[in-house]
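# A predicted structure for the sequence below; I have some questions about it.
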Amino acid sequence: MIQDIYPKKLNNSFKNVTFSTGDELLFFDENGQILVRLIDGHVSYPKQAALAGICTVYLFSIDEERFFLAPYETGFTMEGFSYRSLAELRAEAYGNEMLAVFTAYHLMKWYRDNRFCGRCGTALDFDDKERAMRCPKCGNVIYPRINPAVIVGVRNGDKILITRYNRGYAHNALVAGFTEIGETLEETVAREVMEETGIRVKNITYYKSQPWGNAQDILMGFYCDADGDTAIKRDENELKYAEWVERDKIVLQPDDLSLTNEMMKMFKENRDIH
């Protein structure tokens with residue numbers, strides 16, 4: 001999965017440090033595309049002293065490699081580099097380099113969405129002690145937003161419920177959705193499966209979690225079993241495909257980055273949890 005970068009290690013602890021030559025400096029355009037050089041599947045980023053007037057903020061490190069963001073620059077260019085979408089990089093880059101891209105994207109979205117205080121409208125300051133934005137007028141503190149979401153492997157004997165979305169990702173997936181205020185993760189599982197496919201479920205069992213900065217998510221995977229009627233009533237607004245698929249007929253995603261793909265693969269190989 002995307003976070004499996006061993007022996008490398010992501011360190012996302014906040015540090016009040018400044019950008020220097022040799023650090024990675026990440027730029028995103030107004031459409032959320034990242035400025036990179038891509039050669040033979042390897043991603044590289046601009047490395048140079050910060051230009052005068054450009055605001056930079058420390059993001060994280062991978063081993064000794066430090067990553068910084070220019071959060072408010074959307075038109076920066078550099079010879080030999082081009083802006084690429086996350087979908088393009090997911091298809092073309094080595095998997096173990098995507099954790100940096102997705103995590104940086106997650107933080108970029110948060111910084112750009114929180115330039116002003118939602119309470120009083122004052123421009124926010126970077127906090128110098130923790131990963132937060134602080135209002136100098138009313139004292140409001142804003143922390144990075146993480147959206148909890150579930151991925152659900154719904155089993156029906158030797159079949160699993162495979163879906164495809166109407167928009168966005170075009171390959172096979174599982175039922176998925178965001179947790180709403182006031183409900184547990186298990187309730188999210190039952191509600192999302194019912195809403196998207198009309199199937200009731202039982203034996204809801206947690207499998208594994210995954211950061212997914214592409215949508216500012218923390219994804220939590222669950223397996224469960226169909227309970228009663230297995231006739232699918234597809235939500236046509238959400239899904240263009242929803243069918244029970246036998247193990248040996250499951251077509252996996254073209255990369256191994258996602259929790260969804262791992263869960264489909266586990267079931268395909270008869271290794272999913274019960």
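Alright, I've got the coordinates.
# residue contacts, the residue positioned nearest the centre of the chain?
Most central in the chain under C-alpha atoms, centre = their mean is Trp212, positioned 1.9 Å from the mean C-alpha point. Listed by C-beta atoms under 8 Å, 6 or more residues apart in numbering, the contact set of Trp212 reads Ile2, Phe102, Ala149, Ile218, Leu219, Ser258, Leu259. All C-beta spots, glycine's among them, are computed from the backbone N, C-alpha and C.
# pLDDT-wise, what's the bottom of these?
Least confident by pLDDT among the contacts of Trp212: that is Ile2, with 91.
# what about that one, is that helix, strand or coil?
With DSSP: H, G, I helix; E, B strand; the rest coil as the basis, Ile2 sits in coil.
# That one: neighbour count?
24 (other C-beta atoms under 10 Å).
# How about Leu124?
20.
# Could you check the pLDDT of it?
So, for Leu124, pLDDT stands at 97.
# Double-check it against Gly118; I have them as touching.
No: between Leu124 and Gly118 there is no contact under C-beta atoms under 8 Å: 9.4 Å.
# Overlap of the contact sets of the two?
Ile142.
# Can you list the strands that the longest strand anywhere in the chain pairs with?
Ordering each strand of the chain by length in residues (DSSP state E) puts strand 201-212 first. Strand 201-212 has the following sheet partners, assigned by DSSP bridges: strand 217-226 (antiparallel).
# after the strand it pairs with comes which helix or strand?
strand 239-246 (DSSP states H and E).
# got a list of contacts for that next one?
156, 158-166, 196-197, 230, 232, 234.
# same check, this time on stretch 55-66
Residues contacting stretch 55-66 (C-beta under 8 Å, 6+ apart): 5, 8-19, 23-26, 50, 67-73, 99-100, 103-104, 107, 111, 126.
# Can you point out the buried residues in that stretch?
Thr56, Val57, Tyr58, Leu59, Phe60, Ser61, Ile62, Arg66 (16 or more other C-beta atoms under 10 Å).
# Pick the one among the residues you listed closest to Lys265.
Ile62 (25.8 Å; C-beta to C-beta).
# Report pLDDT for the closest one.
95.
# any idea how far it is from Leu161?
36 Å (C-beta to C-beta, to the nearest Å).
# which parts of the longest strand of the chain are buried?
Buried-residue list, strand 201-212, by 16+ other C-beta under 10 Å: Val201, Ile204, Tyr207, Ser209, Gln210, Pro211, Trp212.
# Can I get these in CSV including distance to Phe267?
Shown next, in CSV, are the buried residues of strand 201-212 (distance: C-beta to C-beta, whole Å):
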residue, distance to Phe267
Val201, 15
Ile204, 15
Tyr207, 11
Ser209, 18
Gln210, 17
Pro211, 22
Trp212, 20
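# now for those residues, which pair is the farthest apart?
Val201 and Pro211 (25.3 Å).
# for Ala91, helix, strand, or coil?
helix.
# need the contact list for it.
Pro254, Asp255.
# what's the answer for Ser44, then?
Here Ser44 is in contact with Val36, Arg37, Leu38 (C-beta under 8 Å, 6+ apart).
# make it 6 Å
Arg37 (C-beta atoms under 6 Å, 6 or more residues apart in numbering).
# For it, give the beta-bridge partners.
Here Ser44, judged by DSSP bridges, has bridge partners Arg37.
# and if you look at Tyr58?
Phe68.
# What's the per-residue pLDDT of it here?
96.
# Check the offset of stretch 254-267 from the chain's centre.
15 Å (C-alpha atoms, centre = their mean, to the nearest Å).
# Give me the contact list for that stretch.
1-2, 95, 151, 153, 160, 173-174, 210, 219, 221, 250, 252-253, 272.
# same question, stretch 75-90
Outside stretch 75-90, the residues that reach it (C-beta under 6 Å, 6+ apart) are Phe27, Asp29, Gln33, Leu35, Val36, Arg37, Pro46, Val101, Asn214.
# Redo these as JSON lines? Include pLDDT.
Output for these, formatted as JSON lines (pLDDT from 0 to 100):
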{"residue": "Phe27", "pLDDT": "95"}
{"residue": "Asp29", "pLDDT": "95"}
{"residue": "Gln33", "pLDDT": "96"}
{"residue": "Leu35", "pLDDT": "95"}
{"residue": "Val36", "pLDDT": "94"}
{"residue": "Arg37", "pLDDT": "93"}
{"residue": "Pro46", "pLDDT": "86"}
{"residue": "Val101", "pLDDT": "94"}
{"residue": "Asn214", "pLDDT": "87"}
